[in-house]
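S.K.: please find the sequence and the predicted model below.
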Amino acid sequence: MKLWEKGIPTDKQIEQFTVGNDRELDLVLAKYDALGSIAHAKMLGNIGLLTTTETDSLVFALNEIIADVEKGNFVIEDTFEDVHSKIEYMLTVKLGDAGKKIHTARSRNDQVLVDVNLYLKDVVKELKEQVKTLFDLLMESAEKHQNVLLPGYTHLQIAMPSSFGMWFSAYAETLIDDITMLNAALKVVDQNPLGSAAGYGSSFPIDRTFTTKELGFETLKFNSVAAQMSRGKSEKTLAFAMSSVAATLAKFSMDVCLYMSQNFDFITLPAHLTTGSSIMPHKKNPDVFELIRGKCNKIQALPYEITLITNNLPSGYHRDLQLLKEGLFPAIQNLKACLDISIFSIKDIKVKDNILNDPKYNYLFTVDTLNEMVVAGMPFRDAYKAVAEQLENGTFESPKQTKHTHEGSINNLCLNEIKKKMNASY
């Protein structure tokens, strides 16, 4: 029997289409469904809809289910629609009437909202930890290589001098913005929707403040319709935060691929981080970073996928919302994997010294040269023309050294300030 079944069988083709791959995806939510049910059972006991014995039995049985989930022993057979059906069935088999009472004053609609919010809270915390680890690694690399000069580019044309310290710490500071996005997503999902039932509340005298505290939510999503409307918005908010992290990883990966090519030759990767060619024995390909780039570009499409699924849906529940799991859950695992492999790989990047000895980088210092003329008293536009003439007639001499002093410049990277900013944001 399905939770909603009234004795009329459903066509098998309809059932297969409507259930989709919910069983596989819902395995991620099993622990959270049990946690939500524990809080709900305790609340029902507090308001007298369950006896103390029934409440204690349900809590004990649900903790056993959580233990099974953590051991990898929990499965959702194809005789069940979803995780909610399976857990309620297990409780009913074990506890009889007490198991049948667990669904009192709630709907699968607010069940899945609770499950997803609890899951996404943990996801955000895990992603933040990974991002912070990556940040620390990039800052360590910035400190180690802060005096190794690197060509800077605009329009993929040689522009001005940079350094590996500036390059590594640029991505590190960008991760702080990504942390800010993740914090915003946490704020959105850290609201308790339990008790909103099918989206319009319940006639039972439930205590939603109790379940909010029991589940560790920061606050309650008070309006029951607003709680229902948060489905899709919560997922999209996290998707935008994930997209922000993914954009940082994709851009960094593109830099690695570019800088490793023989035409640039700024960095090298050890053999264990590269792959070869089936016909070209000299090849050492940065496949890891190419795949990070590709996977992260897919993740950046996720907010728009969710937007298209939820766009213009009226208030209330709609089965379209079930499809949100299909894009979001695998994307979460992909982003975690990309962060893990980035942390694993970046520490082994080898930077090259004396890159700027190549004569083609002499023009990197034209701006520094004309700025010195300005400091000496020449108007900027005249200094610009003077250096342009030197370049034209071949008399320009590159100083090949930098004297930048302002905050965040090549000789004043403000690494300690960047660390403080991360600590304040984290």
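M.R.: Received it, and whenever you're ready, just let me know what you need.
S.K.: which element is the most centrally placed residue in the chain on?
M.R.: With distances taken as C-alpha atoms, centre = their mean, the residue of the chain nearest its centroid is Met242 (3.2 Å). Under the criterion of DSSP states H and E, Met242 resides in helix 224-260.
S.K.: ok, then the element right after that helix?
M.R.: strand 267-268.
S.K.: pull up the pairing partners for that next one, direction included.
M.R.: Its sheet considered, strand 267-268 pairs with strand 350-351 (antiparallel) by DSSP bridges.
S.K.: mind checking what helix or strand follows the partner strand in sequence?
M.R.: Scanning forward in sequence from strand 350-351 by DSSP H and E, the next helix or strand is helix 366-375.
S.K.: got a list of contacts for that following helix?
M.R.: 160-161, 380, 382-384, 386-387, 391, 396, 398-399, 402-403 (C-beta atoms under 8 Å, 6 or more residues apart in numbering). Where you see a C-beta, it was placed from the backbone N, CA and C, and this is true even at glycine.
S.K.: who's in contact with the residue nearest to Ile349 when sequence neighbours are not counted?
M.R.: Excluding the flanking residues, the one nearest Ile349 by C-beta to C-beta, 6 or more residues apart in numbering is Ile267, at 5.4 Å. Residues in contact with Ile267 (C-beta under 8 Å, 6+ apart) are Val256, Tyr259, Met260, Ile349, Lys350, Val351, Lys352.
S.K.: so the residue nearest to the centre of the chain sits against Leu302, correct?
M.R.: Yes: taking C-beta atoms under 8 Å as the definition, Met242 is a contact partner of Leu302 at 6.7 Å.
S.K.: any common contacting residues for these two?
M.R.: Ala331.
S.K.: before we move on, the earlier item: how near is the residue nearest to the centre of the chain to Ile306?
M.R.: Noted for Met242: a distance of 11 Å to Ile306, by C-beta to C-beta, to the nearest Å.
S.K.: state the distance from the residue nearest to the centre of the chain to Pro330.
M.R.: 12 Å.
S.K.: and what of Gly48?
M.R.: 43 Å.
S.K.: which one's more surrounded, those two?
M.R.: A count of neighbours by other C-beta atoms under 10 Å puts Pro330 above the other of Gly48 and Pro330, at 14 against 8.
S.K.: and the helix or strand containing the more buried one, average pLDDT?
M.R.: Following DSSP H and E, one finds Pro330 within helix 324-346. Computed over helix 324-346, the mean pLDDT rounds to 96.
S.K.: what packs against it?
M.R.: helix 22-26, helix 108-144, helix 224-260, helix 287-299, helix 302-310 (3 or more C-beta pairs under 8 Å, 6 or more residues apart in numbering; DSSP states H and E).
S.K.: adding mean pLDDT, write those helices out as JSON lines.
M.R.: What follows is the helices and strands packed on helix 324-346, written out as JSON lines (pLDDT from 0 to 100):
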{"stretch": "helix 22-26", "mean pLDDT": "85"}
{"stretch": "helix 108-144", "mean pLDDT": "97"}
{"stretch": "helix 224-260", "mean pLDDT": "97"}
{"stretch": "helix 287-299", "mean pLDDT": "96"}
{"stretch": "helix 302-310", "mean pLDDT": "97"}
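S.K.: redo these as CSV? Include distance to Met373.
M.R.: Below are the helices and strands packed on helix 324-346 laid out as CSV (distance: least, C-beta to C-beta, whole Å):
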stretch, distance to Met373
helix 22-26, 64
helix 108-144, 31
helix 224-260, 32
helix 287-299, 41
helix 302-310, 48
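S.K.: just so I know, which of those lies nearest Tyr153?
M.R.: helix 224-260 (9.2 Å; C-beta to C-beta).
S.K.: that closest one: which residues count as buried?
M.R.: Buried residues in helix 224-260, defined by neighbour count with 16 or more other C-beta atoms under 10 Å: 224, 227-232, 234-250, 252-260.
S.K.: and that helix, how far out from the chain middle?
M.R.: 6 Å (C-alpha atoms, centre = their mean, to the nearest Å).
S.K.: so this protein: which segments form each domain?
M.R.: Per the TED database, the domain ranges recorded for the chain read 12-104, 116-145+163-195+222-351, 359-425.
S.K.: those domains into CSV, with extra columns for distance to Phe204?
M.R.: Shown next, in CSV, are the domains of the chain (distance: least, C-beta to C-beta, whole Å):
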stretch, distance to Phe204
domain 12-104, 7
domain 116-145+163-195+222-351, 9
domain 359-425, 42
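S.K.: closest one to Ser202 among the ones you listed?
M.R.: domain 116-145+163-195+222-351 (6.7 Å).
S.K.: my guess is Met160 is in a strand, correct?
M.R.: Yes: under DSSP: H, G, I helix; E, B strand; the rest coil, Met160 falls within a strand.
S.K.: check contacts around it.
M.R.: By C-beta under 8 Å, 6+ apart, the neighbours of Met160 are Gly152, Leu364, Val367, Asp368.
S.K.: ok, for it, nearest residue in space, not its chain neighbours?
M.R.: Beyond its immediate neighbours in the sequence, the residue positioned closest to Met160 (C-beta to C-beta, 6+ apart) is Gly152, lying 4.7 Å away.
S.K.: check which helices and strands the helix or strand hosting Ala170 sits against.
M.R.: Assessed by DSSP H and E, Ala170 sits inside helix 164-189. Under the contact definition 3+ C-beta pairs under 8 Å, 6+ apart, helix 164-189 sits against helix 108-144, strand 149-154, helix 224-260, helix 415-425.
S.K.: make JSON lines from those and add distance to Lys283 to it.
M.R.: JSON lines is the format used below for those (distance: least, C-beta to C-beta, whole Å):
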{"stretch": "helix 108-144", "distance to Lys283": "26"}
{"stretch": "strand 149-154", "distance to Lys283": "25"}
{"stretch": "helix 224-260", "distance to Lys283": "12"}
{"stretch": "helix 415-425", "distance to Lys283": "36"}
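S.K.: to Ala30, which of the ones you listed lies closest?
M.R.: When the helices and strands packed on helix 164-189 are compared (using C-beta to C-beta), the closest one is helix 108-144, at 8.6 Å.
S.K.: for the stretch 301-426 of the chain, which spans come out with low pLDDT?
M.R.: Within the stretch 301-426 of the chain, not a single segment meets pLDDT under 70.
S.K.: which of the contacts of helix 366-375 fall in strands?
M.R.: Met160, Pro161 (DSSP state E).
S.K.: ChimeraX command to pick out the buried ones of the contacts of helix 366-375?
M.R.: To isolate the buried ones among the contacts of helix 366-375 in ChimeraX, judged by 16+ other C-beta under 10 Å, type:
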select :160,161,383,384,387,396,398,402
